[in-house]
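> Task: produce atomic coordinates for the following.
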Amino acid sequence: MRKRSVATLITAVLAGSLLTGAPSPRAEAATSPGGAPPADAPQRLGVDLDTVTIPELQARMKKGSLTSTALTNAYLWRIKTVDRKTNSVLRTDPTARRQAAASDYRHRKGKTLGPLDGIPVLIKDNVQTRGLASTAGSLALAEPPTVDAALVTRLRKAGAVILGKTNLSEWANFRAATPTSGWSAVGGQTHNPYVLDRSPCGSSAGSGAALAASLSQVTIGSETDGSIVCPAGMNGVVGHKPSLGLVSGDGVVPISVEQDTAGPMARNVIDTALTLAVLSEKDAARRAGLSTRPVSGDLHGKRIGLWRLPVLGADVDALMTRTAQKLRAAGAEVVEVELPYQDRLAELEFPALLSEFHRDIDAYLATRKGPQNLAELIEFNRTHPEEQTCFAGQELFEQALAAPPTSDPAYKAARAELNDLSRRSIDETMAKHRLDAIAAPTNPPAWTIDCARGDNDVVPSSTPAAVSGYPSLSVPAGSVGELPVGVLLTAGNFQDGKLLELGAAVEDRLDAWRAPRYLRTVDPKTHR
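Modelled structure (predicted):
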């Protein structure tokens, strides 16, 4: 099914029209031996969960032809029947149906709380969610927190249904020198829904894979460098890394407060933008130009810089050439660019993160039951064999323990240089070429999952925005064989609203989304 354009969706919502298409064939994933749905199967919704947007769902709920309870039940059913393939959801919230019933009451009374009222959301397991284990994938944080992260509080106030928690790369991929994305001691291995023996990328692996498998309407991820946008690209969905400070990091397990941010992921830009507006602090949202109304955009006259990154391979480069052609055909001007200072950024970033992780994880662990500092966490891993079943190492923990403190003058100089060069790499490129955004490939084709080897990741496009704190947005661009590739759009600081408008126009023009087929494997050379 071809997705309708952003403009068409907005027109339909404002007119109060309903989505009347049949449910996705994948929505009835399990049947009894006689062919009839099992007794606990959800009712037919009359919507395609793969493609329906939040405004369309809200239009139906306003009319009374859909309830949040029915929608929540449908997603819980898909988690029960489909997630056995992807292993992306760690646990569901036993109060989800009660939350949905409360939303239905508000809808009947005409007192809804905004666009996310009644919309099911899955949350990455490094985000504190009261009453639910929030582990960062580690057995060391098994005790559930008693308070919500600030962003979860905002979701609840907006009426969202907290559906459950998604698996992730343990400690957000900041434990071992050769980690395996999507694996954690708590959840095991998450699989890419397009090809099950391929990586979902990390660290928001479960959030990306769950969306691709249509297990929730939206999910929450987090990123230090690439951990929202790479899973979005590899799982064929949309992911927005917000400007630093737009979304509160309170209650999110840290790597570095200098770069960490949580952000929304969805199957389309409209839902991503609406969720970001809810997650964002009020004054920051105004500064970033965010709105709780659906976004739309036009490519005519926009100037986009194409950063090719041929290191990702000839197939990805050819896809970027086709992407540029499509954008030009829609009226955009596309010019080729190279971002400066990248070698120096790569040299400085990791040592700075080691010092920051030691500082920030010690402060966080002191707020939770379990190990109280990094040294105790290292000892915990040494004495718990379950923590070593995929990759045994914790080299990054050990290096962080020995790293210079953040009070060290050499560290301070390195972080200042990082911030300066990363911002200049974007600002100077955009000014020189008079750009509205920079576009680059988000990811290579997903590599094969291999615990012995670890990740085979080459994802340099995320670093400038990640280090500078500027926003970036991954939108599906197409595929190499069966494997999705995204296009990563980057803009200036707190230009999130404009970036999402541009992303909506790019998404509409590329029309690259397609449902996964849950293939067991593909040819390693052709990816088919």
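
> Okay, buried residues for the helix or strand hosting K432 please.
Here K432, judged by DSSP states H and E, is contained in helix 409-433. For helix 409-433, a neighbour-count test (16 or more other CB atoms under 10 Å) marks 411, 414-415, 417-419, 421-426, 429-430, 433 as buried. Quick note: C-beta positions are derived from backbone N, CA and C, even for glycine.

> Could you do stretch 275-286 as well?
Neighbour count says stretch 275-286 has 275-281, 284-285 buried, by 16+ other CB under 10 Å.

> which one of these is nearest H191?
T275 (24.7 Å; CB to CB).

> Surely that closest one and V269 touch.
No. Counting by CB atoms under 8 Å, T275 does not reach V269; the two are 10.7 Å apart.

> Who are the packing partners of the one helix or strand F350 maps to?
Following DSSP H and E, one finds F350 within helix 342-365. The elements that helix 342-365 packs onto, with contact taken as 3 or more CB pairs under 8 Å, 6 or more residues apart in numbering; DSSP states H and E, are helix 374-382, helix 395-402, helix 409-433, helix 463-468.

> what angle sits between that helix and helix 395-402?
80 degrees (axes from the mean of the first three to the mean of the last three CA atoms, to 10 degrees).

> Over helix 342-365, what's the mean pLDDT, rounded is fine.
Averaged across helix 342-365, the pLDDT comes to 98.

> How about exporting that helix as PDB, limited to the C-alpha atoms?
C-alpha atoms of helix 342-365 as PDB (Å, rounded to 0.1, in the frame of the first residue of the first chain):
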ATOM      1  CA  GLN A 342      35.800  14.700  10.800                       C
ATOM      2  CA  ASP A 343      39.200  13.000  11.500                       C
ATOM      3  CA  ARG A 344      39.800  15.200  14.500                       C
ATOM      4  CA  LEU A 345      36.300  14.600  15.900                       C
ATOM      5  CA  ALA A 346      36.900  10.800  15.600                       C
ATOM      6  CA  GLU A 347      40.200  11.200  17.500                       C
ATOM      7  CA  LEU A 348      38.700  13.300  20.300                       C
ATOM      8  CA  GLU A 349      35.200  11.900  20.900                       C
ATOM      9  CA  PHE A 350      35.900   8.500  22.500                       C
ATOM     10  CA  PRO A 351      38.400   9.600  25.200                       C
ATOM     11  CA  ALA A 352      36.100  12.400  26.200                       C
ATOM     12  CA  LEU A 353      33.200  10.000  26.500                       C
ATOM     13  CA  LEU A 354      35.200   7.700  28.800                       C
ATOM     14  CA  SER A 355      35.800  10.500  31.300                       C
ATOM     15  CA  GLU A 356      32.200  11.700  31.100                       C
ATOM     16  CA  PHE A 357      30.800   8.200  31.500                       C
ATOM     17  CA  HIS A 358      32.700   7.600  34.700                       C
ATOM     18  CA  ARG A 359      31.300  10.800  36.100                       C
ATOM     19  CA  ASP A 360      27.800  10.400  34.900                       C
ATOM     20  CA  ILE A 361      27.200   6.700  35.600                       C
ATOM     21  CA  ASP A 362      28.500   7.100  39.200                       C
ATOM     22  CA  ALA A 363      26.000   9.900  39.700                       C
ATOM     23  CA  TYR A 364      23.200   7.800  38.200                       C
ATOM     24  CA  LEU A 365      24.000   4.500  40.000                       C
END
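
> Show me what counts as buried in that helix.
For helix 342-365, a neighbour-count test (16+ other CB under 10 Å) marks 342, 345, 348-349, 351-362, 364-365 as buried.

> Residues touching that helix, excluding its own?
Helix 342-365 is contacted from outside by 174, 224-225, 253-259, 371-374, 376-377, 396, 399-401, 403-406, 408, 411, 414-415, 417-418, 421-422, 425, 460, 463-464, 467, using CB atoms under 8 Å, 6 or more residues apart in numbering.

> mind checking how far the closest residue to Q399 other than its chain neighbours is from P340?
In space, and not counting its chain neighbours, Q399 is closest to L354: 5.4 Å by CB to CB, 6 or more residues apart in numbering. Distance of L354 to P340, computed by CB to CB, to the nearest Å: 25 Å.

> Then S296?
Relative to P340, and taking CB to CB, S296 is found at 33 Å.

> Same check on Q217?
Separation of Q217 from P340 (CB to CB) stands at 40 Å.

> who's more crowded, those two?
Between Q217 and P340, counted using other CB atoms under 10 Å, Q217 has the larger neighbour count: 27 against 16.

> got the contact list for that one?
Counting by CB under 8 Å, 6+ apart, Q217 has contacts 54, 57, 71, 75, 119-121, 266, 271.
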